[in-house]
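> sequence unknown, structure follows:
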């Protein structure tokens, strides 16, 4: 990080272009209202653990030690000025520079601090500029393959209340009993019950299909409540709950950004909380099935199983991905794909991003990348090869569903069931087509650039 070597002063010894307040004083920097200092990121996978600061919009920002010291010093100096008289006319940047010099053993000036504030902290939406002017709006980051089109349905205070109703389920003894009961129920289900016959019976009855879908939606909602309850059990506040679109599939979400305030065990508990609540939901359905014998409950249990398997996949941003990320203490694994592939396949030296990682997290991330890339490539290749057959099968199934609804006299339940099943058939195909758009665009741009170069030569 380069710093200016000496302060550039203007008239009356103040930096040029500094904004002045109505009474003639030069404006001074400070934290934006609502900014919170969280502290060191516990159990991180970085050689130099970053520190966390919560922005006014609730997003956590990771800062290196030097920048965090600047933020902490700004916060402390403003508190001192509020509680007591000013420091003999000295600027806040000068006071922060003195504090940084004492803590780090390096010499800092007010110009150094102003540079860090204007070039590093203000663009992140943490502080004002060094002249006290507000920074431009800072958009939330949009990581690769992230959740889009979020709509908060349950506000934060309601999530806090609902999470408190179920947080006790994370007591170690109850977790052990719940897992043992789930394993015993699974053994009984797969060794004594005919799930295939139940599936055929449910698919032939439109009302049963709708009930299974409703139970699957309830399981998804309970899954998200599990994440929130795990956060509350760990002592941090979960955010809002809502729904949105992941790739092209409708999905629920719970904002558990505050789980980064916890250590490794607490973060992984928050990641596994949703799957744990899925298991409890399936166990409850299994108990009701044992009492009633309704076959649609077996199909609903199968749908919960599919959700558990999907959530544990470490490829996309499901719970399994976050489990791996929190295990190694690296929040965003996808940004290491290119550096690791360059190092492993092209035999290039490590770049700074890899050097910043500890040894064993770097090994785990490398294994994850070497598993992820072939797995996604293979899956995408199989889908592309089988796409014509998939489209034909979906078309035939949709035609059959429409014919059944027509045979049933276009009853509302039959029509609704047919439309819902057609939608579920169409979503994966839409997802595949959208996933192919970006690579095709990149290929077209590459061919066009190559054509222009050949023509120029």
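Yep, that arrived. Small disclaimer: the values here were computed from a predicted structure and weren't measured.

> show me the contacts for residue 67.
116, 120, 121 (Cβ atoms under 8 Å, 6 or more residues apart in numbering). Glycine gets a C-beta too; all of them are placed from N, C-alpha and C.

> ok, and the most crowded of those?
Among the contacts of residue 67, residue 121 has the most neighbours (other Cβ atoms under 10 Å), with 28 neighbours.

> now the residue nearest to it when sequence neighbours are not counted, which residues is it bridged with?
If the residues on either side of it in the chain are set aside, residue 121 comes closest to residue 127, at 4.4 Å by Cβ to Cβ, 6 or more residues apart in numbering. Using DSSP bridges, the beta-bridge partners of residue 127 come out as residue 31.

> as JSON lines, the contacts of residue 67 with distance to residue 288 would be great.
JSON lines is the format used below for those (distance: Cβ to Cβ, whole Å):
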{"residue": "116", "distance to residue 288": "60"}
{"residue": "120", "distance to residue 288": "57"}
{"residue": "121", "distance to residue 288": "55"}
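
> now render the residues you listed as CSV, adding pLDDT and secondary structure.
Putting the contacts of residue 67 into CSV (pLDDT from 0 to 100; DSSP: H, G, I helix; E, B strand; the rest coil) gives the following:
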residue, pLDDT, secondary structure
116, 91, helix
120, 89, helix
121, 90, helix
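
> nearest to residue 158 among those?
Ranked by distance to residue 158 (Cβ to Cβ), the contacts of residue 67 are led by residue 121 at 33.7 Å.

> my read: that closest one touches residue 69, true?
No - taking Cβ atoms under 8 Å as the definition, residue 121 is not a contact partner of residue 69, at 11.3 Å.

> returning to what we had before: separation between the residue nearest to residue 121 and residue 60?
16 Å (Cβ to Cβ, to the nearest Å).

> so which of the two has more stuff around it?
Using other Cβ under 10 Å, the more surrounded residue of residue 127 and residue 60 is residue 127, with 27 against 17.

> ok, that one touching residue 73?
No - between residue 127 and residue 73 there is no contact under Cβ under 8 Å: 11.1 Å.

> all helices of the chain, in order?
Secondary structure of the chain by DSSP state H: the helices cover 65-83, 92-104, 110-116, 156-166, 172-192, 195-203, 206-234, 264-292, 295-312, 319-328, 337-344, 352-355, 359-407, 412-456.

> which of the ones you listed has the lowest average pLDDT?
When those are compared by mean pLDDT, helix 412-456 comes last with a mean of 60.

> which one of the contacts of residue 67 is nearest to residue 174?
Distances from residue 174 to these, taken by Cβ to Cβ, are shortest for residue 121, at 44.2 Å.

> report the contact partners of that closest one.
Contacts of residue 121 by Cβ under 8 Å, 6+ apart are 67, 70, 71, 127.

> any idea how far residue 302 is from it?
Taking Cβ to Cβ, one finds residue 121 at 51 Å from residue 302.

> for residue 100, same thing?
60 Å.

> what is the nearest of the contacts of residue 121 to residue 175?
For residue 175, the nearest member of the contacts of residue 121 is residue 71. The distance, counting by Cβ to Cβ, is 37.8 Å.

> if we can go back for a sec, who has more neighbours, residue 100 and residue 302?
residue 100 (22 against 18).

> wouldn't the more buried one be in contact with residue 108 here?
Yes - counting by Cβ under 8 Å, residue 100 touches residue 108, with 4.4 Å between them.

> now the helices of the chain in TSV, with distance to residue 51?
What follows is the helices of the chain, written out as TSV (distance: least, Cβ to Cβ, whole Å):
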stretch	distance to residue 51
helix 65-83	4
helix 92-104	13
helix 110-116	14
helix 156-166	24
helix 172-192	31
helix 195-203	51
helix 206-234	20
helix 264-292	16
helix 295-312	30
helix 319-328	18
helix 337-344	23
helix 352-355	18
helix 359-407	18
helix 412-456	35
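
> out of the ones you listed, nearest to residue 30?
From those, taking Cβ to Cβ, the stretch that ends up closest is helix 65-83, at 5.4 Å.

> quick one on the thing from earlier: how about the residue nearest to residue 121, what does it touch?
Contacts of residue 127 (Cβ under 8 Å, 6+ apart): 29, 30, 31, 32, 35, 71, 74, 117, 121, 135.

> which pLDDT does the model give it?
89.

> same thing with residue 133?
Confidence score, pLDDT, at residue 133: 87.

> so what's the residue count around it?
Every residue meeting other Cβ under 10 Å relative to residue 133 is counted, giving 14.

> ok, it touching residue 27?
Yes - assessed by Cβ under 8 Å, residue 133 is found in contact with residue 27 at 6.7 Å.

> coming back round to it: right, and the helices of the chain - which one's nearest residue 46?
Closest among the helices of the chain, using Cβ to Cβ: helix 359-407, at 8.1 Å.

> neighbours of residue 115, just the number please.
18.

> and it, how far from residue 130?
With Cβ to Cβ as the criterion, residue 115 and residue 130 are 8 Å apart.

> check residue 54 too.
Applying Cβ to Cβ to residue 54 and residue 130 gives a distance of 22 Å.

> neighbour count winner among those two?
Neighbour count, other Cβ under 10 Å: between residue 54 and residue 130, residue 130 has more, with 28 against 19.

> now do that one, the pLDDT please.
Model confidence at residue 130 (pLDDT) stands at 85.

> ok, the spatially closest residue to it that is not a sequence neighbour to residue 354 distance?
Leaving aside its sequence neighbours, residue 130 sits nearest to residue 114 (Cβ to Cβ, 6+ apart; 3.8 Å). According to Cβ to Cβ, residue 114 stands 32 Å off from residue 354.

> please identify which of these two sits among more neighbours.
Between residue 114 and residue 354, counting by other Cβ under 10 Å, residue 114 is the more crowded of the two (24 against 16).

> hmm, that one is touching residue 122, no?
No - if you go by Cβ under 8 Å, residue 114 and residue 122 don't touch, sitting 10.3 Å apart.
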